[in-house]
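Student: Sequence first, predicted model second:
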Amino acid sequence: MSDPELLSMLAAEAERRGPTIITGIEGLAGSGESDPDRIEALRVEAHGLKGAALVVGQDRLADLAKGIEDFLRGCLQSGQINTAAAAAVITATSAFTEGAQAAAEGVREPSSVGDSLEALSR
């Protein structure tokens, strides 16, 4: 069991980083733009979420953030985000935030976390 204060910090990190990732993916997906630097910045945000989750022992959330990070890493070479895959990654980012909030509140992990883990593993 993690320290409630640390779990609250994780939830705050998710609230801060999640919208940045979502907005960035939405802006690039389907735009036809190639922007590897922006994708790398988004990947760094996801990496930060992964690290924060690992520090507080939230392994499933860390796995979810790793899936987001891996997706973004896969987009670096082209500099573009696949529109079809973007929706699952946006949903996963929201699920991370929901999971972090649930952990901070001491309630059960929302089903969105498991659903997104499954979706990203396909």
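Tutor: All right, it came through fine. Remember, it's a predicted structure, so these values are computed and weren't measured experimentally. Residues are numbered from 1 along each chain as shown.
Student: what helices or strands is the longest helix along the chain leaning on?
Tutor: Using DSSP state H to assign secondary structure, the helix with the most residues in the chain is helix 4-28. Under the contact definition 3 or more C-beta pairs under 8 Å, 6 or more residues apart in numbering; DSSP states H and E, helix 4-28 sits against helix 36-55, helix 83-105. For glycine as for every other residue, the C-beta is placed from the backbone atoms N, C-alpha and C.
Student: Compute the inter-axis angle for that helix and helix 36-55.
Tutor: Orientation of helix 4-28 against helix 36-55 (axes from the mean of the first three to the mean of the last three C-alpha atoms, to 10 degrees) gives an angle of 160 degrees.
Student: Okay, buried residues for helix 4-28 please.
Tutor: For helix 4-28, the neighbour count (16 or more other C-beta atoms under 10 Å) marks 6-11, 13-14, 17-18, 20-22, 24-25, 28 as buried.
Student: repeat for stretch 87-104
Tutor: Of the residues in stretch 87-104, those with enough neighbours to count as buried (16+ other C-beta under 10 Å) are 88-104.
Student: For this protein, which residue occupies the most central location?
Tutor: Compute the mean C-alpha point of the chain, and by C-alpha atoms, centre = their mean the closest residue is residue 93, 3.7 Å away.
Student: Might one say that it is in contact with residue 18?
Tutor: Yes. With contacts counted by C-beta atoms under 8 Å, residue 93 reaches residue 18, the gap being 5.2 Å.
Student: hmm, who's touching stretch 51-66?
Tutor: By C-beta atoms under 8 Å, 6 or more residues apart in numbering, the list of residues contacting stretch 51-66 from outside reads 2-3, 6-7, 9-10, 13-14, 46-47, 49-50, 92, 95-96, 99-100, 103, 109, 113-114, 116-117, 120.
Student: ok, now stretch 73-83?
Tutor: The contact list for stretch 73-83 (C-beta under 8 Å, 6+ apart) reads 25, 28, 29, 30, 32, 33, 34, 35, 36, 39, 40, 43.
Student: got the contact list for residue 120?
Tutor: 64, 67, 68, 70, 71, 88, 89, 92.
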